[in-house]
Every structure is written in C-alpha cells, then in structure tokens.
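**Q** Build me a model from this:
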Amino acid sequence: MTLSAENKNKLKDIKSILYGMDIDYEHDNIDLELDKIKTGIPLIDRHHQELLKLVIALFRMLDSRRLDEKKFKTLIKDLMVYSLEHFAYEEKLMQDAGYPDIEKHRHQHNNFNLKLDGFLRELNEQTELYDYAVRMNLWLVEWYSAEILHSDQKMAFFLQRKKSRMYAAAGGIGICLAAILLILIYRKT
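**A** All right, here's what the predicted structure looks like:
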C-alpha cells in the first residue's frame, strides 16, 4: 500500500505523541508504570492501560499497512464500550470527592463520546477506510495524551490530596477520641 504524504505525516505525529508519553508501541507489554502516565489510582491506571492498548492496536494495524476492516470495527466498538465504563468510574470518583472541575472534565468526556460517535456514524460511508482510520487514530492518540497527561493527572492529584486529608482527619479524630477516652479513664481512677 502506498501512503499519501498526509497519512505519512499523521503516522509520524502519532509516533511522536506516543514517544512523548514514553509508550513503547513496538512491544506487546505496554508499560504504564511510568510516572508520566500513572495516576496512582489503580483502577484508573488499568483503564488507561486497556484503552491505550486498543489505540495502539489500531496504530499497529495502520503502521503495518494491514488494516483488517472487521478487526478495526471490533476494536472501535470495544474502545467505545471501555471508554464509557472508564468515564463513568472517573466521574463517580470526582463526584464523591467533590472535585471542583468535575463539569469541565465531564464536558471533555462528553465531547469524546460525541466525536467517537460521529466517527462511528461515518464509518459505513467511508470508501477509503485506511485514510479514515489514520485520521481517527491520530485524534484518539491526541485525545488520550491530553486526557491522561493533563486532565487525569490534575484530577488524580486532587483525589490523592483529598484522600490524604481524609486519612489525616480520621487520624486526628482517632487521636482526639483516644485522648478523650484516656481523660475519662483517668477521671474514674
């Protein structure tokens, strides 16, 4: 398959973004234990790993110039389902913690879902699947880079700080209760 100059540039852009995230897309074991990507929230980190595996699987198909239409459509549907699950979990965490930027973050999730839904509606109308898939993959990699490296890191920092404060408060309450208990015991003796 001969690539257009535009698609060559898009594939280079995808490689550059993955490289910037320290993701070795050439190997099967995608290491997301890197500080640059890791949020410190285990389930979110696992979700990110699964989502990126799907995005990278698409990139590998494109980079090898062997785009299988059936695998591509399955991969996109899996991406949609997994993204919805991930977003629901993140939004629940943000809501429970009183995250101040929850509406902005939700808006980003909604925009993702709308854009992906648009891509899916477009899918059956495509005459040149490879060009379509390259365009979609570039958008996905750019979006995940922004989401994981910026929005999710900011959210995770807030959640971790909130968790630390809750533990500190619980510890402080425990110390106060212990002190009150000691005072009551001391008064009785």
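**Q** going forward, measure contacts between C-alpha atoms and count neighbours the same way
**A** Noted.
**Q** Quick check: closest non-adjacent residue to the residue sitting nearest the centre point of the chain.
**A** Centroid-nearest residue in the chain, with CA atoms, centre = their mean: residue 48, separated by 4.1 Å. Spatially, and ignoring its direct neighbours in sequence, residue 48 is nearest to residue 148 (7.6 Å; CA to CA, 6 or more residues apart in numbering).
**Q** The one you found contacts residue 37, correct?
**A** Yes. Contact criterion CA atoms under 8 Å: residue 148 and residue 37 qualify, at 6.3 Å.
**Q** any weak-confidence spans in the protein?
**A** 1-2, 27-36, 127, 164-189 (pLDDT under 70).
**Q** where exactly do the helices run in it?
**A** Under the criterion DSSP state H, helices of the chain are mapped to 5-20, 42-63, 69-97, 102-123, 129-146, 152-188.
**Q** Compare these and report which one is nearest to residue 26.
**A** For residue 26, the closest of the helices of the chain is helix 42-63, at 8.0 Å, according to CA to CA.
**Q** about what we covered before: present the helices of the chain as TSV; the columns should include distance to residue 26.
**A** Converted to TSV, these look like this (distance: least, CA to CA, whole Å):
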stretch	distance to residue 26
helix 5-20	10
helix 42-63	8
helix 69-97	18
helix 102-123	25
helix 129-146	15
helix 152-188	25
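**Q** Fine, thanks again, bye for now.
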